[in-house]
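**Student:** Following is a predicted model, sequence given first.
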Amino acid sequence: MEPTTKMNHQFISNTYINGFITGLQRLGVDMARIEAELPDLSIAQIREGQRVDINLLRQIWHKAEAITQDPLLGYKIGVNLNLKGLGPLAPVLMHSPTMRISLHNLANCHDLISESIKLQVINDEDGAIVFRFSPRYSPIRESSQQIVSLVTSMLSMGRFMGTDRRMLLKLRLPDDLEIDLLSQKFRAPIEPASAPPYGIWFSAENADDELPGSDKHFYQLNKAYIDELLLKRNASNHLVDEIKSLIVDKGYLKATVDDVAEALEINKRSLQRQLTEEQTTFRQLKEEIIKERSLLQIIKGENTIEKIAADLGYSEVSAFHRAFKGWFGVTPKDYSRNPAIQ
């Protein structure tokens, strides 16, 4: 069934994440083990449309890396990209008038797929087009393999977007990757980087040539639809951010849906209905912000576990311990000793 326009922005994101999980399963990754190590994760609920935040997505990537120990994990996921996972963004990229416009469309619309990484298209001093990747802030750092997956999927779509391999000049990727191995796969030099931004450099020689086979009318129809979805996503993010901010103001765990509905000056049922349309709940958003703040405080190391628990509204430290282990599979103390995912 075709989802309603109001829900489509969330539907596209979830389809993309499901494609990622399917890709892991096809590579033989033990998803049951990942679920066991991340008690907060439910593959079945994601399959049914559950909203997935940045932290959970990055945790899945880190667990998959640890389990497979495969230096080409991101490459294998990206090269097998299913265009269905892009939803209506696929025809926009395939029918963009020029390669330059196609790159800008991908950068501008990528948030419909995933908000984990911000994309930009810029021109460098030598005239090349740089497709820049900057991971968005999160207490859990980005996975280098996730960066590789995005680069690989984009290059794999090159035949549709006009980014022919012959136009590829170089890449800039995290230095904890197997750079030589990936350079062979991409058939291009790779500049290792200790920190973002990362990127792909393309020759601009034919960037403004009209792409063969593009249908201008079909492009305009799909572009208008994508623009509408972006407006819906922005409105959705604004609502979610407002709710999370109010949860903080109302004392984290102590905050109730009635408190937030009253502060927003809307009916409680109306608020719950809006959240249902966004494939989430008040409880899930409250848990997301508590998880994020608990990670931040533990990573900073400025407060005791007892102080963190009290600030988040827990009356007993043991309750915070149980909740934290349910989210991340380890105790707060064990997490603070593991800098690998911080």
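**Tutor:** All right, it came through fine. Numbering: from 1, shown residues only.

**Student:** So the nearest residue to residue 98 once chain neighbours are set aside: helix, strand or coil?
**Tutor:** Among residues not flanking residue 98 along the chain, residue 208 sits closest, at 5.1 Å (Cβ to Cβ, 6 or more residues apart in numbering). In short, each C-beta sits where N, CA and C put it, glycine included. Secondary structure, DSSP: H, G, I helix; E, B strand; the rest coil: residue 208 is coil.

**Student:** Over to the one 5 residues further on?
**Tutor:** Here residue 213 is recorded as coil under three-state DSSP.

**Student:** Any chance of the backbone angles for it?
**Tutor:** Phi and psi for residue 213, reported as degrees, to the nearest 10, are phi 90, psi 0.

**Student:** That one and residue 97, how far apart?
**Tutor:** Between residue 213 and residue 97 the computed distance is 11 Å (Cβ to Cβ, to the nearest Å).

**Student:** To what extent is residue 242 buried, counted in neighbours?
**Tutor:** Using other Cβ atoms under 10 Å, residue 242 has 13 other residues around it.

**Student:** Run through the residues that contact it.
**Tutor:** residue 264 (Cβ atoms under 8 Å, 6 or more residues apart in numbering).

**Student:** need the contact list for the residue nearest the centre of the chain.
**Tutor:** With distances taken as Cα atoms, centre = their mean, residue 116 lies nearest the centre of the chain, 3.1 Å away. Applying Cβ under 8 Å, 6+ apart to residue 116 gives the contacts 54, 57, 58, 135, 136, 138, 142, 146.

**Student:** neighbour-wise, which of the residues you listed leads?
**Tutor:** Within these, neighbour counts (other Cβ under 10 Å) peak at residue 146, which reaches 27 neighbours.

**Student:** In contact with that one, which residues are there?
**Tutor:** By Cβ under 8 Å, 6+ apart, residue 146 lies in contact with 58, 61, 74, 116, 117.

**Student:** Report the lowest-confidence entry in these.
**Tutor:** Among the contacts of residue 146, residue 116 carries the lowest pLDDT, at 87.

**Student:** Could you point out the longest helix of the protein?
**Tutor:** Looking across the chain with DSSP state H, the single longest helix is helix 216-249.

**Student:** Give the next helix or strand downstream of that helix.
**Tutor:** Per DSSP states H and E, helix 216-249 leads on to helix 257-264 as the next helix or strand towards the C-terminus.

**Student:** List the buried residues in whatever helix or strand comes next after that following helix.
**Tutor:** As assigned by DSSP H and E, the chain's next helix or strand after helix 257-264 is helix 268-277. For helix 268-277, burial by neighbour count (16 or more other Cβ atoms under 10 Å) applies to 271, 274, 275.

**Student:** picking that back up, include distance to residue 235 and secondary structure when you put the contacts of residue 116 into JSON lines, please.
**Tutor:** Below are the contacts of residue 116 laid out as JSON lines (distance: Cβ to Cβ, whole Å; DSSP: H, G, I helix; E, B strand; the rest coil):
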{"residue": "54", "distance to residue 235": "19", "secondary structure": "helix"}
{"residue": "57", "distance to residue 235": "22", "secondary structure": "helix"}
{"residue": "58", "distance to residue 235": "25", "secondary structure": "helix"}
{"residue": "135", "distance to residue 235": "24", "secondary structure": "strand"}
{"residue": "136", "distance to residue 235": "19", "secondary structure": "coil"}
{"residue": "138", "distance to residue 235": "22", "secondary structure": "coil"}
{"residue": "142", "distance to residue 235": "26", "secondary structure": "coil"}
{"residue": "146", "distance to residue 235": "27", "secondary structure": "helix"}
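
**Student:** Can you lay out the residues you listed as a markdown table showing distance to residue 87?
**Tutor:** As requested, the contacts of residue 116 are exported to a markdown table (distance: Cβ to Cβ, whole Å):
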| residue | distance to residue 87 |
| --- | --- |
| 54 | 20 |
| 57 | 17 |
| 58 | 22 |
| 135 | 23 |
| 136 | 21 |
| 138 | 24 |
| 142 | 23 |
| 146 | 20 |
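
**Student:** Nearest to residue 293 among the residues you listed?
**Tutor:** Comparing the contacts of residue 116 against residue 293 with Cβ to Cβ places residue 138 closest, at 12.3 Å.

**Student:** Roughly how far does the closest one sit from residue 67?
**Tutor:** Look at residue 138 and residue 67: by Cβ to Cβ, they are 21 Å apart.
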